[in-house]
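1. when you get a sec, could you give me coordinates for this:
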Amino acid sequence: MSAAQGFYEVYKALPKKVQKEVKLLIENDETVEVSLKAIEKGLEEVKQIRDGKLPRKTFAELKKEMVNEK
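-> Below is the predicted model:
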């Protein structure tokens, strides 16, 4: 799977509000660097969520996790 395909799979799983924010970033031609490894991990998590192996999370919960990881 190419990086673009992986990004699109992750993008489709995002809430509509977050999809709009991503579109704005793309339209404004802002550069956002994401490693292929991070995209692959995200795609794997999306698959596990769809299969019911991981709990669904809100965007607020994801942001809180990201802050705690730093």
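2. ok, longest helix in this structure?
-> The residue-count maximum for a helix in the chain (DSSP state H) belongs to helix 36-50.
3. report the rounded mean pLDDT for the helix or strand just after it.
-> Toward the C-terminus, helix 36-50 is succeeded by helix 59-69 as the next helix or strand (DSSP states H and E). Mean per-residue pLDDT for helix 59-69: 82.
4. tell me which residues of helix 59-69 come out buried.
-> Within helix 59-69, no residue counts as buried by 16 or more other CB atoms under 10 Å. No exception for glycine: its C-beta is placed from N, CA and C like everyone else's.
5. what's in contact with that helix?
-> Contact with helix 59-69 is made by Pro15, Lys17, Val18, Lys57, as judged by CB atoms under 8 Å, 6 or more residues apart in numbering.
6. in those residues, find the pair that's most separated.
-> Distance extremes for the contacts of helix 59-69: the farthest pair is Lys17 and Lys57 at 14.3 Å, using CB to CB.
7. so which of the two has more stuff around it?
-> Lys57 (13 against 8; other CB atoms under 10 Å).
8. name the nearest residue to the residue positioned nearest the centre of the chain, ignoring sequence neighbours.
-> For the chain, Val10 is the residue whose C-alpha lies nearest the centre (CA atoms, centre = their mean; 4.8 Å). Distances taken as CB to CB, 6 or more residues apart in numbering place Gly42 nearest to Val10, at 4.6 Å, with adjacent residues excluded.
9. residue ranges with poor pLDDT in this structure?
-> Low-confidence segments of the chain (pLDDT under 70): 1, 30, 32, 70.
10. which residue sits farthest out from the middle of it?
-> Asn28 (18.9 Å).
11. separation between that residue and Glu21?
-> 11 Å (CB to CB, to the nearest Å).
12. returning to that earlier point: could you say what helices and strands the longest helix of the chain packs with?
-> When contacts are defined as 3 or more CB pairs under 8 Å, 6 or more residues apart in numbering; DSSP states H and E, helix 36-50 sits against helix 3-13.
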